[in-house]
Structures are given as structure tokens and as C-alpha cells.
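# model the following, please.
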Amino acid sequence: MIAFLLAQTIAITGGTVYPVSGPKLDNATVLIQGGRIAAVGTNVAVPAGATRIDATGKWVTPGLIESGGNIGLTEISAVQGTNEAFQRVSEVAASFNVAEGINPASTLIPVTRIEGITTALTWPTGQLIAGQGVMIDLDGATVEAMLVKTSPAAILATLSEQSKDEGGGSRAGAAARLRRVFTDALEYSRRRPDYTRAQMQQLAASAADLEALLPVLRGQVPLIVISNRRSDIETALRIAKQYKLRLILAGAEEGWQIADKIAAAGVPVLVQPLDNIPTYDGLGARYENAALLARAGVKVVVIENDTHNARNLRQQAGNAVAYGMTWEQALRAVTLSPAEVFGVADRYGSLEPGKVANVVVWTGDPFEFSTGVEHVFIRGREIALRSRQTELMERYRVLPPKY
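So this is what the prediction gives:
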């Protein structure tokens, strides 16, 4: 449950407002009260005493949502003591929830949010089933204060060259291993008393991990599967159909080749549009992937995925536009679409009355490289545009005289 401690009233006036859920509004006002959006429109009455922010000539959008990476879970990739996204237990770690590993004081959080990103899905890495990812707002002194919802946003799995070892060195083996885990989880749910009395054959994972998979198998929690090669994507689609899963594909570099099939399955895709370097895991990688998927009717979510450069999310979206996505599709792909995919669209992703006041004021088109951020609000609180990097820049803007 999100607690809004500030009752400040803020009126962002005169800007070009992009609600996402509706057409743009010229010379409009966004009214924020008690951490929520109170009104959006061209004839909004501003209460007396409200803090006014003049956005004339500026663009106003919802805060961007980054749906990939390890924000709050990593600091320095090469220093293991600063990394919390991986649990060395087994190739199946479905019960591993990253929430309590999040560091609210991570220096990467300010670096990311001053570029207009206000919410993030942060997830585990590695293994066949890596664990549970959570959604957080990029503000708050505690994990509880940051969590968008207390339940996991998704469980993460991998079907690619990276998961071959878990299948004895074979993609087919990895898929078979994943199926066995799902089948055993269903069997465990039917025969808990037998399991407790040790009257069952050995199962494919621990009781805790099998228990954690039950919401996925009931369709209550989505399963993100990282797959890039067309054949791996098709395997993920088959498994999802077999077990009636709420599948989300991530990566999907060759997804454009079977875009119609993905669309027909109703499966959303997390795409990094600047991935175009062919590898044996995705020889068909191309810049137009996001556009071709969207054109086929797939719900596309644009991600950055490089945690240390998550601030580049808007450049990812801009490049998706350069290679065929419409501007409106790209904005939706970093705001409302991820909110819909991860089940928080009732509170996030667009500028509508009643929704959480995550709002950004830009100097212009957020997907243009030269555009800057003027104001960031998270849950109605204005965030100082300051980070470790800006502090270093100010400190060394003028070098001390040589002695």
C-alpha cells in the first residue's frame, strides 16, 4: 500500500500535456493534490495557495517506466559485494524475491530519475528460473516506501543460449527442465500432505520454489521469458500455451520474424530497440524489430536493460520512432503499456485524475537527444535534479589553480 505523506497542491500550467490515455492538450494544466493527479485539462481551476509551475512552451508527460534491469540491486558490476540480483542456490530460484536486496540509497537511482524515469521493474538475473522481480518508484528512504505493490510483478526465466547449461548443454534440455518444474509444481499443489510425509518421488525443485510458481501457473503472476532466437521464442509460446501462462517475452531480437504469431497469442514483448548486432542467439536482430512487432498488433514495451545507463530509455524510444514506430506508440511503450503489462495501469502510466502523480516536465520532445528535464514529480513530490554525477560536475567545473 502506497502512503502519500504530502498534501501539497501543485499546478503545472500552460504546457503541452500528453496524457497518453487520450489526445495531447495544448495550453493545459495538470493539478496535483495529495500525491495524486486531481485534474488534467484546458479549463482546470487552480486552487488558491497552490504552487504554480509555468510550463509554457514545455511538454508534460507521465513519468517514464523502465521495465528491465537491476536498478537498486547493483552498483559496480565488477564488485560482487555491490550486486544483489543473483542467488547461487540452483538453476531454479523461483522463491527468490529481490525486494529486500534493493538499496534505496543507490547512486544509480538519482542518475536515472533526473532523466525522467520515475518507476522501474527491477529483476533477478541468471539461472533457468531466476526469481521474482518487483516494481518500484525511484524515490523513498525504505524498500516499503518504494514498492509500487507488495506482490511480485513477474517471475523471470530464460530460454536462450544462456540457459543451455541448465538443460545439460541443450536448448531442448532446458525446455524439458522448465516443463518438469511446472509439472512438479502442479503435482506438489495437489499432494502437499504426501510431500510433507515424504511419500512422493523427488521433485524438480524445492517446496519453496514450487510454491512460488503456483501463482504463475494460476495466471495470477506473469512469467517473463528472455528469448531472442526465433526457435526459442516459439518454444516459449508452446510452453505458455501448454500451461496457460501469462507470458511476457523479453529481448525477442528475432520476434519480428513471427510477429503475427506473437500477436495472435496475446503476448507482450519487452524490446531494446538499439539491439541490432547479430549473435548466434539472434542472427536476425534489426533496428526495426519494435516497429514491426507493433505493426502486427503486439503490445510493445521499450526497455533499456543496461542498469547503469537506464537513463537512456528515452533514446531507445526515440530510435524506435526513427525505425518505424509512431511517436505515440513509443510514448505509450515507456508509460502506459508497461503499466498495463505489469498490472498497475489503474494507478500508473498516464495522466488521469486519481492516478499516482508521477509527472515530468520537459523542455521539448522527450525523445529528442537535446531535450532536457525541468521538473520531475514522484508521488506528487518534486525531485531535486541532482545526482552524484551532477555534484561531481559542479565540484570540478572550475579546476583549482596549479601550485
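# from the chain's centroid, how far away is the lowest-mean-pLDDT helix or strand in the chain?
Least confident helix or strand of the chain, by mean pLDDT, DSSP states H and E, is helix 192-196 with a mean of 86. Centre-to-centre, helix 192-196 and its host chain are 37 Å apart (C-alpha atoms, centre = their mean, to the nearest Å).
# and Gln87, how many residues sit next to it?
Residues near Gln87, counting by other C-beta atoms under 10 Å, number 18. For glycine as for every other residue, the C-beta is placed from the backbone atoms N, C-alpha and C.
# how far does stretch 294-311 stretch from start to finish?
23 Å (C-alpha to C-alpha, to the nearest Å).
# buried residues of that stretch, list them for me.
Judged by neighbour count using 16 or more other C-beta atoms under 10 Å, the buried positions of stretch 294-311 are 294-296, 298-311.
# just checking, which of those residues belong to strands?
Among the buried residues of stretch 294-311, DSSP state E puts Val300, Val301, Val302 in strands.
# ok, now which ones touch the second one?
Same thing as Val301. Ser67, Pro268, Val269, Leu270, Val271, Ala333, Val334, Ser337, Pro338, Val341 (C-beta atoms under 8 Å, 6 or more residues apart in numbering).
# so which of those comes closest to Ala130?
Distance to Ala130 across those (C-beta to C-beta) is lowest for Leu270, with 14.6 Å.
# against Arg386, how distant is the closest one?
The spacing between Leu270 and Arg386, counted by C-beta to C-beta, to the nearest Å, is 30 Å.
# who's more crowded, those two?
Shown here are Leu270 and Arg386; by other C-beta under 10 Å, Leu270 has more neighbours (23 against 11).
# quick check: closest non-adjacent residue to Val143.
Closest residue to Val143 apart from its sequence neighbours, by C-beta to C-beta, 6 or more residues apart in numbering: Ile102 at 5.2 Å.
# scratch that, Thr13
Distances taken as C-beta to C-beta, 6+ apart put Thr29 closest to Thr13, at 4.8 Å, once the chain neighbours are dropped.
# wait, a strand at that neighbour?
Yes - assessed with DSSP: H, G, I helix; E, B strand; the rest coil, Thr29 lies in a strand.
# distance of it from Ile12?
7 Å.
# check Arg332 too.
Arg332 is 21 Å from Ile12, by C-beta to C-beta.
# same check, this time on Phe182
Distance of Phe182 to Ile12, computed by C-beta to C-beta: 47 Å.
# which one's more surrounded, the two?
Ile12 (27 against 22).
# circling back: now, the buried residues of stretch 294-311 that are in helices?
Judged by DSSP state H, helices contain the following of the buried residues of stretch 294-311: Ala294, Arg295.
# could you pull out the strands for the stretch 201-350 of the chain?
If DSSP state E, counting those that start in this stretch is used as the criterion, the strands of the stretch 201-350 of the chain fall at 223-227, 247-251, 269-271, 300-302.
# if you compare those, which one is most tucked away?
Of all the strands of the stretch 201-350 of the chain, strand 300-302 has the most neighbours on average by mean count of other C-beta atoms under 10 Å, namely a mean of 31.
# partners of that strand in the sheet?
strand 269-271 (parallel) (DSSP bridges).
# if any of the contacts of Val301 are buried, put those into a PyMOL selection.
Here is the PyMOL command that picks out the buried ones among those, judged by 16+ other C-beta under 10 Å:
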select buried, resi 67+268+269+270+271+333+334+337+338+341
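# on the pLDDT front, check Met1 for me.
Met1 carries a pLDDT value of 39.
# stretch 193-206: how far from the chain's middle?
Mean C-alpha position of stretch 193-206 versus that of the full chain (C-alpha atoms, centre = their mean) differs by 36 Å.
# I meant stretch 74-84, not that one.
Distance, centroid of stretch 74-84 to centroid of chain: 20 Å (C-alpha atoms, centre = their mean).
# can you give me the helices in the stretch 201-350 of the chain?
Ranges of helices within the stretch 201-350 of the chain are 207-217, 230-243, 259-264, 289-295, 313-322, 327-333, 336-341, based on DSSP state H, counting those that start in this stretch.
# turn those into JSON lines, including mean pLDDT.
Shown next, in JSON lines, are these (pLDDT from 0 to 100):
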{"stretch": "helix 207-217", "mean pLDDT": "97"}
{"stretch": "helix 230-243", "mean pLDDT": "98"}
{"stretch": "helix 259-264", "mean pLDDT": "98"}
{"stretch": "helix 289-295", "mean pLDDT": "98"}
{"stretch": "helix 313-322", "mean pLDDT": "97"}
{"stretch": "helix 327-333", "mean pLDDT": "98"}
{"stretch": "helix 336-341", "mean pLDDT": "98"}
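# please consider this matter closed, and thank you.
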